[in-house]
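> Just to be clear, the model below is a prediction. Sequence and coordinates:
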Amino acid sequence: MVTRSRLSSWASGGLVVIAVALCWSILASWPLALDPVGQVVGEKMPRGMAFGMWLMRAPLSAWWQADLEHLAAPSGGALVPVGLPQWGIARLLLPLTGPVLAANLSILFHLAIGVVGVARLATVWAGARWWGGGLTPLAVGLSAGGATSVLAAVSAGQVENLGLVYLALAGEGAIRVLRGRLWGGALLLVMGLTLTFLSSPYLLMGTLLAAPVLAGAAMRRHAVPVVTAAVLVVLVSVPFVHRYGGARAGEADRLACPAVVERSPGAERRLPVAEALAALHGPPPVGADLLVADPVRMFAPGRSDAGGHHAPMDYLGWVVLTAAVGGAWLDRRSRWLLLACLPPLVLALGPYLQLRGWALTTADGALIPLPLGLASGLPLVGPVLETIQVPVRLLFGVSLLLALAGLPAWSRLERWARRRGPAIRLGIGVLALAPAAEPLLMGAAAPPMPAWPVPQTAAWRALALQGDHRALVETPVLGWGPRSGAPGHASQVPAAPPLSWINHLTFGHVVHGRPMAIAMCVEQGFHSPEVEASAMQAAVAAILAGQADPPSLGEAAQELGALGFGWYVIHTRTGLLAPPAEARLLAAARADLELVAEGEDGSYLFRLPTPAGP
């Protein structure tokens with residue numbers, strides 16, 4: 001029989017954690033909750049939706065190695081997909097909600113369940129019942145699930161990095177194996193490892209790098225369980241290490257443009273170590289590397305002043321650090337957890353020492369190497385470390401270890417508060433929210449997050465009604481050279497292509513559903529190689545520049561039609577092209593192509609010639 005006191009204890013534990021986690025997910029993704037049907041949040045989320053829509057509709061057998069045809073058409077390309085659990089949840093919701101709402105509900109779910117999962121892990125780590133921990137599991141759950149690294153993942157639109165719950169599941173399995181519950185623990189461990197790897201390998205790398213320290217600490221008392229857990233980790237990890245590290249699928253097809261830490265920074269970012277103290281008070285260099293953890297940013301709250309649109313994710317949070325140090329003072333296991341943070345933390349600093357974005361050098365101008373750079377050339381370890389292309393993401397594991405290390409401090413504080421009056425207990429309850437409140441209010445990735453409304457372009461909506469499912473090209477950016485600007489750019493000065501417009505075009509796939517020439521990686525070109533080298537690209541560029549005499553698209557459009565393209569959309573009034581250039585292009589398109597729809601928003605849908613039969 002369930003007594004009233006037990007129900008009350010359960011309500012003050014599990015239900016409070018769940019309720020706070022739901023509120024946290026709404027705040028962390030704000031303003032997503034204002035319109036979850038009509039917008040997405042995160043800098044890369046529009047492009048992520050184009051990939052996610054394929055995952056939501058493709059057969060599950062194609063998920064291991066995605067062969068995409070709706071991007072970089074007509075050739076498409078291969079891509080090693082990540083974020084499979086997140087998009088899998090969206091896939092289940094798709095028949096009921098539509099793609100945008102399904103993706104947003106999956107994001108909110110993973111934000112909330114990440115807090116709940118770590119809170120659950122805290123109770124297992126402490127040996128307590130789920131409902132017996134009070135506010136302590138809540139504080140620990142928010143310490144990891146509400147970390148700056150999680151907020152930065154939302155800000156960047158990296159749904160694959162919102163898999164903290166799967167890492168917590170693997171941690172609970174490992175703990176159960178060490179405590180002798182072999183079969184149940186092994187099942188949870190294998191399931192958690194698999195789901196975490198399928199989500200993002202970086203979520204697991206930081207914890208795996210810390211595992212040898214924790215295994216060494218437990219070896220004397222739990223030798224057989226430690227070996228068992230290690231064997232399971234290796235067996236699960238090998239195929240995924242081969243999958244992520246052995247293949248670079250997608251790079252050649254420009255479907256993937258992996259971020260890689262800069263191994264040799266330019267002279268403008270180098271600073272002699274003797275001038276390092278001055279760097280603490282001055283501005284960071286332009287183009288500071290946010291792919292590595294910075295010793296200053298790890299302890300300094302506040303929004304990024306390093307330039308760019310990506311928010312730094314390396315702020316650890318003083319509330320979490322204080323609790324972790326207090327936990328280490330009170331409990332030996334927390335001391336081991338802090339020690340286990342060192343391997344991933346040191347590797348997260350990158351291949352050479354940086355301070356506030358400056359690459360520090362010796363007196364003779366040489367970079368100061370760090371373990372990641374030194375170990376990369378070793379025979380066995382080097383190839384594994386080479387897979388760490390974004391070292392700062394190792395901090396996901398560090399955040400989880402720090403959160404667990406703070407558990408004794410939160411538990412001692414809660415027990416002390418229970419012996420005091422209601423006001424003190426209320427104050428401690430509010431303090432339990434501080435681990436998430438600090439990065440939410442002061443972190444570099446604090447909301448509101450970058451929001452992208454679902455496009456309402458008239459030409460795309462008209463295209464969605466057409467029965468012809470051939471591929472699509474668009475201007476801008478057809479005729480716009482990579483990194484050189486458009487000949488008819490509105491400012492008459494060649495400019496780097498705007499990433500926001502690429503996001504907009506890619507997001508358009510949600511509306512029209514047609515294959516696109518646009519590629520997800522735009523470092524070398526916006527389109528597939530066939531379109532970049534096509535006569536249509538050259539013809540549009542010449543018309544925009546006013547160099548075509550006479551301006552004509554007929555033959556070029558026929559060549560593009562032979563490649564499998566059936567539609568051409570011209571966007572005017574975007575501010576990207578000068579009005580005379582737009583007028584010249586529209587006149588040529590009207591003369592040589594069939595106009596299907598003209599929108600009040602300045603978008604025009606043209607049908608490309610259908611290739612003649614043999």
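Looks like it came in fine. Residues are numbered from 1 along each chain as shown.

> Just the pLDDT at Val346, thanks.
pLDDT for Val346: 89.

> and it, how many neighbours?
16 (other C-beta atoms under 10 Å). Heads up, the C-betas are built off the backbone N, CA and C, glycines and all.

> what about it, distance to Pro284?
Distance, Val346 to Pro284, using C-beta to C-beta, to the nearest Å: 22 Å.

> again with Ile388
23 Å.

> out of the two, which sits in the more crowded spot?
The residue with more neighbours, out of Ile388 and Pro284, is Ile388; 24 against 21, by other C-beta under 10 Å.

> for that one, what are its contacts?
By C-beta atoms under 8 Å, 6 or more residues apart in numbering, the contact list for Ile388 reads Met205, Leu347, Leu372, Leu394.

> Quickly name whichever of these is closest to Gly564.
Met205 (40.2 Å; C-beta to C-beta).

> Quick one: neighbours of the closest residue to Pro529 other than its chain neighbours, just the number.
Nearest residue to Pro529, sequence neighbours excluded (C-beta to C-beta, 6 or more residues apart in numbering): Ser75, at 7.0 Å. Using other C-beta under 10 Å, Ser75 has 18 other residues around it.

> Is it correct that Ser75 is in contact with Ser528?
Yes. Between Ser75 and Ser528 there is a contact at 5.2 Å, judged by C-beta atoms under 8 Å.

> With adjacent residues omitted, what lies nearest to Gly134?
Glu414 (5.4 Å).

> The one you found is in what secondary structure piece?
Applying DSSP states H and E as the criterion places Glu414 in helix 407-418.

> buried ones in the helix or strand immediately after that helix in the chain?
Where DSSP H and E defines the elements, the next helix or strand beyond helix 407-418 is helix 422-431. Judged by neighbour count (16 or more other C-beta atoms under 10 Å), helix 422-431 contains these buried residues: Arg425, Ile428, Gly429, Leu431.

> go on, stretch 409-419?
Quick answer for stretch 409-419 (16+ other C-beta under 10 Å): Ala409, Trp410, Ser411, Arg412, Leu413, Glu414, Ala417.

> picking up where we left off before, any idea how far Leu291 is from the residue nearest to Gly134?
38 Å.

> quick one: contacts of stretch 533-542?
Contacts for stretch 533-542 (C-beta under 8 Å, 6+ apart): 473, 475, 478-481, 486-487, 527, 531, 548, 551-553, 555-557, 559-560, 563, 585.

> which among those residues end up buried?
Counted by 16+ other C-beta under 10 Å, the contacts of stretch 533-542 give 473, 475, 478-481, 486-487, 527, 531, 548, 551, 553, 556-557, 559-560, 563, 585 as buried.

> Okay, and which of those map to helices?
Judged by DSSP state H, the buried ones among the contacts of stretch 533-542 include Val531, Ala556, Ala557, Glu559, Leu560, Leu585 as members of helices.

> quick one: the longest strand belonging to the chain to chain centroid distance?
Ordering each strand of the chain by length in residues (DSSP state E) puts strand 565-571 first. Put simply, strand 565-571 sits 31 Å off its chain's centre (C-alpha atoms, centre = their mean, to the nearest Å).

> likewise stretch 453-464?
Using C-alpha atoms, centre = their mean, the offset of stretch 453-464 from its chain centre is 26 Å.

> Extract the C-alpha set from it and format it as CSV.
The C-alpha coordinates for stretch 453-464 follow below in CSV (Å, rounded to 0.1, in the frame of the first residue of the first chain):
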residue,chain,number,x,y,z
PRO,A,453,10.1,31.3,-39.7
VAL,A,454,8.9,28.7,-42.1
PRO,A,455,9.2,30.4,-45.6
GLN,A,456,6.0,31.6,-47.2
THR,A,457,7.5,32.3,-50.6
ALA,A,458,4.7,32.4,-53.1
ALA,A,459,6.7,30.7,-55.9
TRP,A,460,7.6,27.7,-53.5
ARG,A,461,3.9,27.3,-52.5
ALA,A,462,2.9,27.3,-56.2
LEU,A,463,5.6,24.8,-56.9
ALA,A,464,4.3,22.5,-54.2
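
> Buried residues in that stretch, which are they?
Those would be Val454, Pro455, Thr457, Ala458, Ala459, Trp460, Arg461, Ala462, Leu463, for stretch 453-464 by 16+ other C-beta under 10 Å.

> Let's see which of those end up in strands.
Short answer: the buried residues of stretch 453-464 have none in strands (DSSP E).

> For Gln354, see how far away the residue nearest to Leu353 when sequence neighbours are not counted is.
Nearest non-adjacent residue to Leu353, counting by C-beta to C-beta, 6+ apart: Ile368, 4.2 Å away. Noted for Ile368: a distance of 9 Å to Gln354, by C-beta to C-beta.

> neighbour count winner among the two?
Neighbour count, other C-beta under 10 Å: between Ile368 and Gln354, Gln354 has more, with 29 against 14.

> nearest spatial neighbour of that one, skipping sequence neighbours?
Closest to Gln354 by C-beta to C-beta, 6+ apart is Asp294, at 5.7 Å.

> Count the residues that sit near that neighbour.
Neighbour tally, Asp294, other C-beta under 10 Å: 26.

> Can you tell me how far it is from Ala276?
From Asp294 to Ala276 the distance is 12 Å (C-beta to C-beta).

> Now list whatever residues contact both of these two.
Leu355.

> what residue ranges in the stretch 501-614 of the chain score low on pLDDT?
520-525, 612-614 (pLDDT under 70).

> Next: the stretch 251-400 of the chain.
Scanning the stretch 251-400 of the chain for pLDDT under 70 picks out 251-263, 266, 278-283, 286-289, 302-310, 380-384.

> residues of stretch 327-344 that come out buried?
Under 16+ other C-beta under 10 Å, the buried positions of stretch 327-344 are 327-328, 331, 333-341, 343-344.
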